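Novice: Can you look at this prediction? I've put the sequence above it.
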Amino acid sequence: MLRCFEASWLDTDPCQKSAKSRDNPKRDWYIWKDSRGKAEDGTPLPPNNWAQIFDSEHSAWNYDKTTDQWYLVRRTFSSLRHD
């Protein structure tokens, strides 16, 4: 059975929430990377300078506090839409 979503959210979909555990087999469905360091204020920096496709002022990466890593999202028209 194939499960398809027009828009899915890492924070709300049960299948995607499980990916936030470092030992979950579904974790490799997403691209995860460590921070490249910390900003002067102590906030983690994304792994690189990749920007969103339709909003180049925002990072293509979202930070997950649970795993202390970033996951790559291809945002299209809304900051809530993830791949």
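Specialist: The structure has been received and is ready for your questions. Numbers count the residues shown, from 1 in each chain.
Novice: Who are the contact partners of K20?
Specialist: L10, R27, D64, T66, T67 (Cβ atoms under 8 Å, 6 or more residues apart in numbering). Every C-beta, even on glycine, is put in place using the N, C-alpha and C of the backbone.
Novice: if you skip the residues just before and after it, what's nearest to it?
Specialist: Spatial nearest neighbour of K20, chain neighbours left out: T66 (5.0 Å); criterion: Cβ to Cβ, 6 or more residues apart in numbering.
Novice: Would you agree R27 is in contact with S21?
Specialist: Yes - the pair R27 and S21 passes the contact test of Cβ atoms under 8 Å, sitting 6.8 Å apart.
Novice: Helices along the chain, start to end?
Specialist: Counting by DSSP state H, the chain has helices at residues 14-17.
Novice: mind listing what's buried in stretch 56-76?
Specialist: For stretch 56-76, burial by neighbour count (16 or more other Cβ atoms under 10 Å) applies to S59, A60, W61, N62, D64, Q69, W70, Y71, L72, V73, R75.
Novice: looking at this structure, which helix or strand is least sure?
Specialist: helix 14-17 (a mean of 61; mean pLDDT, DSSP states H and E).
Novice: Okay, now stretch 36-52: how far is its last residue from its first?
Specialist: One end of stretch 36-52 sits 18 Å from the other (Cα to Cα, to the nearest Å).
Novice: sorry, that was for stretch 26-43
Specialist: Length of stretch 26-43, first residue to last, Cα to Cα: 27 Å.
Novice: Appreciated, that's everything.
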